[in-house]
Every structure is written in structure tokens, then in C-alpha cells.
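The amino acid sequence is not available; the structure is as follows:
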């Protein structure tokens, strides 16, 4: 199922959507830890790290924590696969941050050079070596990463997810938070064993209103950038200019700030960079206020289509990346746009087809599993279908001894992103 139907109307009363909510709630209620409606990713992760949960469905980025000996007691027992398939197949959500340019920027040329440098093959491979799950196939397949990678199952799983994933992990409305609250309330009701039909009726009313209040974006052709090669690309064409880069505090932003990388960019281009990193909530508040005032000097910024894409595009704040990629005078012929995976680009593409960024890292709806608990319960490998997942959870579940079959986010709005993988299935 999905958030909306083919006509763009609310789809939360679709029988398949209702079934997904009921199934998700049943799994947490029957085989999850007590108090699941207060669980965000942190609480599920804590239990998994202690070896008390057989399976945990959440964002793939958390796998790095599960195999970190400073955090985990089960580093050699943690496995990762894609959220299992349902009747509609295996369709994990895919998401992540992308690097965008502010349409009001007076420095688009030097800003575009920064994006090409930061997301070129060399820097992306360096990020991959820091366990940042990037969107370039070449980084995953690079000899350096393959030699250093101790978890080939992550590589195989990630590349498959980037082929089959769906970027629609948030409702396509202007007021995303309100929609998540409404659907999240129905998920809580399902976990508690309450009247799900009534809760979804309430959610449907909210969704219908929010969809009616959401502006329709003008249709655009699918991006097909193909800049013609230049014999000698001039990385110093904007020498002496300056740009401002606004970032959210997360691993990729911190990686780029490390090891004198920014100075390397300045040395290569002659462009000075003012680089800012802020916590997510503070970042969104500050950039939104600046953009709305029309006085911002931000040139490059992190964004997330599923979160603020419709709002920012409706306000005219995104530069069109297809135009930039097609401009051979400012695009390095070695940038290799085709090297980005299809699903990684989907997280930077608006519903109307406009490409408004390039991915810095990707995540997908993953199922983490404890190999030892599965073996002890007689479960032969990680589940590949929802039926197998339910059977495995039942076999592992041993609440009297503090062991639970599964842990799924249950804290209202926070649960909706991970629920989306089961919704699509």
C-alpha cells in the first residue's frame, strides 16, 4: 500500500494499509518488549546491543553501532538483511540526506564546484572507508573498501536495497509532522490492541485536509543530465570567490570537516569555504528563517526531500541540478553522474521529477538479527517473508527470561518511517 492512492487522495483506509498497521501493532504487542509505545530507535538499539532482542527493524545506518565493540556485546552475532517481503514484494524504504544549492545563491558556480568535489568519486570513497553508506556504486566496489570491509553482507544488502527501495517513507504533504502524528497515533492504538479502524478514520480526516492544503508541484521531465566532456576542466575558474555551506550534525558532515579536507578543496580551487554544522532542529529553523527572509547568503545546504522537499520547492528555494549537470562549462567530465545508484538519486528527486540535490549518504529499511538467538530458537537464517518473520519472533520470544522476538519503534510519529517498509510490502 502507500500513503496516497493513484489519484493522490488519502490511502490510509485502504484495506492493505489497515492490514499493515494491524500487523505492525500485533508484532510489537505479542513479541516485543513491554512499554513498546514509548520506544524510539534508541531503546530498541539498547536492547539489541545487550543481546535481548532477536530482530530489530530500523534504519540501516545503525548497523555500524551493532558491530562496534565499544558499544555492542554481540558484535560477532549481529546480522543485517532487508525488511522481509509481503504480498506486494520486498520494498524497503530508502532515505538519507542530499546536498542542495540555494536558488537565491549569488555563487552558484563555485557552490557547484564544491558539490562536485565533495561528492566526486575520490571523496565519496574516503567517506565509504569511514563506514558512511554512500550513494556511489564505485565507492562500494572500490578495491580500498573491499579490502577493508569486514561485513560483505552489508554491501550486498545495501546495493540490493538501492535497487528495489522506495523513497516514499513520509506522507507527501506540506505539514509532514502533522501527518506523522496522525498515523503514528493509529500505530500506537494497534500496539495497545485498541480500535484501529476508529484511529485510522481520524488519521484519514487529517490526511485529507493536509493533502488539500499541499500545493501541487509543476510537472517536470525526469532528469537526464549528460554534460559533454571538456578537454581540460579548470577547477580554478572561480579562484578568489567564497561560499557558505550549512550542514546538519551527522557523520558525513563531520567527516568532510575532518583531516583538512576543506583546506584541500580551497587549495584545489582557490575558493574559500565558511562551513557551519548545527543540530538538525536548529539547522532547519535557522535556514528556513533565512530563506524566507530572502536575505540568506547560504550557497550549499543539506536537505531531505521526504521531510521538507515540497515546502522548499513551493517556496522556490531549490536550484535545479539537471541544469547544472548539463552545463559543460562548469561540470567536470569525470564527475560520472551515472555512478550514483538509482535509489540514491530518488532521495534527491521531487515528486514532479526535479532533481534538487545529490546524495551524501543513504539508508534503507533494514532487519537486524541476532544470529545466536535465531540459532537457539531453531530458526534457519534471517526471515525473507513477513510470515517467516512472525514465526521467528514467536520462536525467539521468551519474556520470562528478558528475551524478546522483535523490537519495532512504537513511539507514535517516530514509528511511521520504519512502518513504511511494511506498508509498501
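It's in. Every value quoted in this text rests on a predicted model; they were computed, and no experiment measured them. Numbers count the residues shown, from 1 in each chain.

For stretch 123-141, measure first residue to last.
This stretch, stretch 123-141, spans 14 Å end to end (Cα to Cα, to the nearest Å).

what comes up buried for that stretch?
Within stretch 123-141, the residues that qualify as buried are 123-129, 131-140, counting by 16 or more other Cβ atoms under 10 Å. Where you see a C-beta, it was placed from the backbone N, CA and C, and this is true even at glycine.

Relative to the whole chain's centre, how far out is the helix or strand where residue 29 lies?
Assigned by DSSP states H and E, residue 29 belongs to helix 15-31. In terms of Cα atoms, centre = their mean, to the nearest Å, the centre of helix 15-31 is found 23 Å from the chain centre.

Kindly report the same for stretch 108-126.
Relative to the chain's own centre, stretch 108-126 is displaced by 20 Å; criterion: Cα atoms, centre = their mean.

Ok, stretch 412-425 next?
Distance, stretch centre to chain centre, for stretch 412-425: 13 Å (Cα atoms, centre = their mean).

So for it, what gets flagged as buried?
Buried-residue list, stretch 412-425, by 16+ other Cβ under 10 Å: 412-425.

any low-confidence regions in the stretch 101-250 of the chain?
The stretch 101-250 of the chain contains residues with pLDDT under 70 at 218-231.

And the strands in it?
Listed in chain order, the strands of the stretch 101-250 of the chain (DSSP state E, counting those that start in this stretch) span 242-248.

Take the buried residues of stretch 412-425 and keep only those in helices.
416-424 (DSSP state H).

other SSEs contacting the helix holding residue 29?
helix 176-192, helix 196-212, helix 386-396, strand 404-407, helix 416-424 (3 or more Cβ pairs under 8 Å, 6 or more residues apart in numbering; DSSP states H and E).

Could you export the ones you listed as CSV, including distance to residue 247?
Listed next are the helices and strands packed on helix 15-31 as CSV, based on distance: least, Cβ to Cβ, whole Å:
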stretch, distance to residue 247
helix 176-192, 21
helix 196-212, 29
helix 386-396, 37
strand 404-407, 31
helix 416-424, 21
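
Geometric centre of this protein: which residue is closest?
Residue closest to the average C-alpha location in the chain (Cα atoms, centre = their mean): residue 95, at 2.1 Å.

I figured that residue was touching residue 304, is that so?
Yes. Between residue 95 and residue 304 there is a contact under Cβ atoms under 8 Å: 7.3 Å.

shared neighbours of those two, which are they?
Counting by Cβ atoms under 8 Å, 6 or more residues apart in numbering, the shared contacts of residue 95 and residue 304 are residue 347.

quick revisit: going by neighbour count, list what's buried in the helix holding residue 29.
Across helix 15-31, burial judged by 16+ other Cβ under 10 Å covers 16-18, 20-25, 27-29, 31.

what do you get for stretch 105-125?
By 16+ other Cβ under 10 Å, the buried positions in stretch 105-125 come out as 105, 107-120, 123-125.

Tell me what residue 10 is bridged to.
Listed by DSSP bridges, the beta-bridge partners for residue 10 are residue 4.

Quick check, residue 186 in contact with residue 20.
No. Residue 186 lies out of contact with residue 20 (Cβ under 8 Å); the separation is 10.7 Å.

what about residue 144, how many neighbours?
Counted with other Cβ atoms under 10 Å, the neighbours of residue 144 add up to 12.

got a list of what it touches?
Residues near residue 144 by Cβ under 8 Å, 6+ apart: 125, 129.

Distance of it relative to residue 286?
Residue 144 sits 37 Å away from residue 286, going by Cβ to Cβ, to the nearest Å.

got it, and residue 51?
41 Å.

If I look at the closest residue to residue 150 other than its chain neighbours, what pLDDT would I see?
Once flanking residues are discounted, residue 150 sits nearest to residue 67: 7.9 Å by Cβ to Cβ, 6 or more residues apart in numbering. Here the pLDDT value assigned to residue 67 is 89.

Number of residues surrounding residue 67?
Residue 67 has 19 neighbours, counted by other Cβ under 10 Å.

right, and it touches residue 79 too?
No. Residue 67 is beyond contact range of residue 79, at 9.9 Å (criterion: Cβ under 8 Å).
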